[in-house]
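**Q** Attaching a predicted model along with its sequence, questions to come.
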Amino acid sequence: MKKVAFYTLGCKLNFSETSTLARLMEEQGHERVEFTEQPDVFIINTCSVTDNADKKCRKIVREAQKVNPDGFVAIVGCYAQLKPAEISEIPGVDAVLGAAEKFRLHELIGTFEKTAVNQPAVIYNSPISEAIDYHASYSLNDRTRTFLKVQDGCDYPCAYCTIPLARGKSRSDTVANVVRAAREIAGRTGTNGAVKEIVLTGVNIGDFGITNATGADGQRTETFLDLIKALDEVDGIERFRISSIEPNLLTDEIISFVAQSKRFVPHFHVPLQSGSNKVLGLMRRRYKRELYAERVARIKELMPHACIGVDVIVGHPGETADAFLETYQFLNELPISYLHVFTYSERPNTTAIAIKPTVPGHVRAERSKMLHILSDKKRRAFYDAQVGREATVLFEEDIADGLMQGFTENYVRVVAKYDPLLINEIMPVLLTGVNADGLVEVSEVETVYEKH
């Protein structure tokens, strides 16, 4: 039996899959250990949304070699599917497993042998067209919240994106299976006690309902609305949170249901990518800015205190100075809460790399800085608007300088005096003000706890 360590790069979906891979290992008698505990095997689950993610993978391999030069290093995830030959040449890497093979890790570990110096790693990598099976996953014990995978892959041909090449066609679990997993999670006790919040995750979760990877419309028998209605009836989980959903798939029915839901919280993360209809067309997105504005207005109409996060890409080919200012002004006027800003990077085998003119690197950096500043302003305005309200906070094991943090139902990050009894507890609080670090302070946490 082996001591196995995992390191996860990238999104919530990767965290859910890493946790599941680890449990499969443990079921076979292997021991999951921390990265620094002299593992026999290092599993690095990679992202490849940007070039920076690729560089991070190489750095983690180097660190693994420092910890145990004789340790076996296996690379899985999106980077492993996209560039297996390139990864196989990285010094210290012993195996590369693609999208269709990574869930066979627990079967293959018995065959793992350290490769000789200057020899390429062994590659287990099928064409992405063979990644047609759906593998259910959820995280446990990694964080206070649990990430529950409900969907994988994507059929959207966005010009800048490699995800369809890395994860394959859209496919998802059934409503019955996801509900069963949620009930299983509710019945499990992690390191901090029972799970209080589940975050639904996937590549394109609004596309939920395709139970195989053919992409044929006739195969869709259930919808994302069906899923959240069913999950709302699951006892034992106090909160469900939707990680991210495309604006064209965020229907009035979904928004209306969340507004009156027992368990789904008023927090939406809705990718925009650009506020210019011309750039949205170049990106091959499936909506225009007018629809996005309608979705935001509808959310705020039904849930005035809802948190709305936005993904936006700067420097995409064809984004002129005027197009960027159009995006900036559009975002500035929208009642949104924060931005996730991504700087465009050229990715092989995407259609965006053929679009002209390209945006110089220093211009991309300037535009990114402008939107990060705007994000800070939006978040501060949103937090200021919450002061004086009562809310509930799920306190996390995130402690520094005698203080602990947590998130309200509408995703306001709060800070309070550390109390070990509050870890992984959902407690009512009064939001009293925003501190110098941009976090919201609360009052009477101890008093409220005693009352409950």
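**A** Received it, and whenever you're ready, just let me know what you need. Residues are numbered from 1 along each chain as shown.
**Q** Show me the helices in the stretch 301-450 of the chain, by range?
**A** Assigned by DSSP state H, counting those that start in this stretch, the stretch 301-450 of the chain shows helices spanning 321-333, 361-386, 445-451.
**Q** Looking at those, which is nearest to residue 55?
**A** Counting by C-beta to C-beta, residue 55 lies closest to helix 361-386 out of the helices of the stretch 301-450 of the chain; the figure is 15.6 Å. Every C-beta, even on glycine, is put in place using the N, C-alpha and C of the backbone.
**Q** could you check the angle helix 321-333 makes with the closest one?
**A** On the basis of axes from the mean of the first three to the mean of the last three C-alpha atoms, to 10 degrees, helix 361-386 is oriented at 10 degrees to helix 321-333.
**Q** Which positions in helix 361-386 come out as buried?
**A** 364, 367-368, 370-371, 374-375, 378-379, 382-383, 386 (16 or more other C-beta atoms under 10 Å).
**Q** go on, stretch 106-124?
**A** Neighbour counts over stretch 106-124 (16+ other C-beta under 10 Å) mark 106, 109, 112, 115, 121-124 as buried.
**Q** got it, and stretch 11-29?
**A** So, applying 16+ other C-beta under 10 Å, buried residues of stretch 11-29: 11-25.
**Q** and which of these is nearest residue 427?
**A** Nearest to residue 427 out of these is residue 12 (C-beta to C-beta; 24.1 Å).
**Q** And that closest one, how far from residue 138?
**A** Counting by C-beta to C-beta, to the nearest Å, the separation of residue 12 from residue 138 is 11 Å.
**Q** any shared contact partners between the two?
**A** The contact sets of residue 12 and residue 138 overlap at residue 147 (C-beta atoms under 8 Å, 6 or more residues apart in numbering).
**Q** hmm, back to that, determine which two of the buried residues of stretch 106-124 are furthest apart.
**A** Pairwise distances across the buried residues of stretch 106-124 (C-beta to C-beta) peak at 20.5 Å, for the pair 106 and 115.
**Q** Quick one: low-confidence residue ranges for the protein.
**A** The chain contains residues with pLDDT under 70 at 49-51, 53, 142-143, 189-192, 212-219, 444-452.
**Q** mind putting the helices of the stretch 301-450 of the chain in JSON lines, distance to residue 400 included?
**A** What follows is those, written out as JSON lines (distance: least, C-beta to C-beta, whole Å):
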{"stretch": "helix 321-333", "distance to residue 400": "31"}
{"stretch": "helix 361-386", "distance to residue 400": "19"}
{"stretch": "helix 445-451", "distance to residue 400": "17"}
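**Q** What segments of the stretch 151-300 of the chain are helices?
**A** Under DSSP H, counting those that start in this stretch, the stretch 151-300 of the chain gives helices at 163-167, 175-186, 224-231, 252-260, 277-283, 289-302.
**Q** now what about the second one, what contacts it?
**A** Right, helix 175-186. By C-beta under 8 Å, 6+ apart, helix 175-186 touches 136, 138, 140, 146, 148, 150, 173, 194-195, 198, 222, 226-227, 230-231, 234-237.
**Q** buried residues in that helix?
**A** By 16+ other C-beta under 10 Å, the buried positions in helix 175-186 come out as 175, 178-179, 181-182, 185-186.
**Q** Export those residues to JSON lines and append columns for distance to residue 157.
**A** Formatted as JSON lines, the buried residues of helix 175-186 follow (distance: C-beta to C-beta, whole Å):
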{"residue": "175", "distance to residue 157": "27"}
{"residue": "178", "distance to residue 157": "27"}
{"residue": "179", "distance to residue 157": "32"}
{"residue": "181", "distance to residue 157": "30"}
{"residue": "182", "distance to residue 157": "32"}
{"residue": "185", "distance to residue 157": "34"}
{"residue": "186", "distance to residue 157": "38"}
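**Q** and which of those is nearest to residue 350?
**A** residue 178 (31.1 Å).
**Q** ok, now how distant is that closest one from residue 135?
**A** For residue 178 relative to residue 135 (C-beta to C-beta), the value is 13 Å.
**Q** and if you look at residue 224?
**A** Going from residue 224 to residue 135 by C-beta to C-beta gives 19 Å.
**Q** higher neighbour count, the two?
**A** Neighbours per residue (other C-beta atoms under 10 Å) separate residue 224 from residue 135, with residue 224 holding more: 26 against 16.
**Q** Please name the nearest non-neighbouring residue to that one.
**A** residue 208 (4.2 Å; C-beta to C-beta, 6 or more residues apart in numbering).
**Q** and that neighbour, what are its phi and psi?
**A** Per-residue torsions, residue 208: phi -50, psi 140 (degrees, to the nearest 10).
**Q** quick one: contacts for it?
**A** Counted by C-beta under 8 Å, 6+ apart, residue 208 has contacts 150-151, 172, 202, 222-224, 227.
**Q** what does residue 108 give?
**A** 95, 97, 101, 124.
**Q** Confirm that it sits in a strand.
**A** No. Counting by DSSP: H, G, I helix; E, B strand; the rest coil, residue 108 is located in no strand; its state is helix.
**Q** my guess is residue 25 contacts residue 40, does it?
**A** No. Counting by C-beta atoms under 8 Å, residue 25 sits too far from residue 40 to count as a contact (11.2 Å).
**Q** any shared contact partners between the two?
**A** Common contacts of residue 25 and residue 40, defined by C-beta under 8 Å, 6+ apart, comprise 2, 4.
**Q** neighbours of residue 423, just the number please.
**A** With other C-beta under 10 Å as criterion, residue 423 counts 19.
**Q** Could you do residue 292 as well?
**A** 24.
**Q** Could you measure from it over to residue 281?
**A** 14 Å.
**Q** Next: residue 127.
**A** With C-beta to C-beta as the criterion, residue 127 and residue 281 are 30 Å apart.
**Q** Repeat that for residue 23.
**A** Taking C-beta to C-beta, one finds residue 23 at 44 Å from residue 281.
**Q** same check, this time on residue 269
**A** Relative to residue 281, and taking C-beta to C-beta, residue 269 is found at 23 Å.
**Q** neighbour count winner among those two?
**A** The residue with more neighbours, out of residue 269 and residue 281, is residue 269; 18 against 13, by other C-beta under 10 Å.
**Q** Pull the contacting residues for that one.
**A** Neighbours of residue 269 in contact, by C-beta under 8 Å, 6+ apart: 242-245, 308-311, 340.
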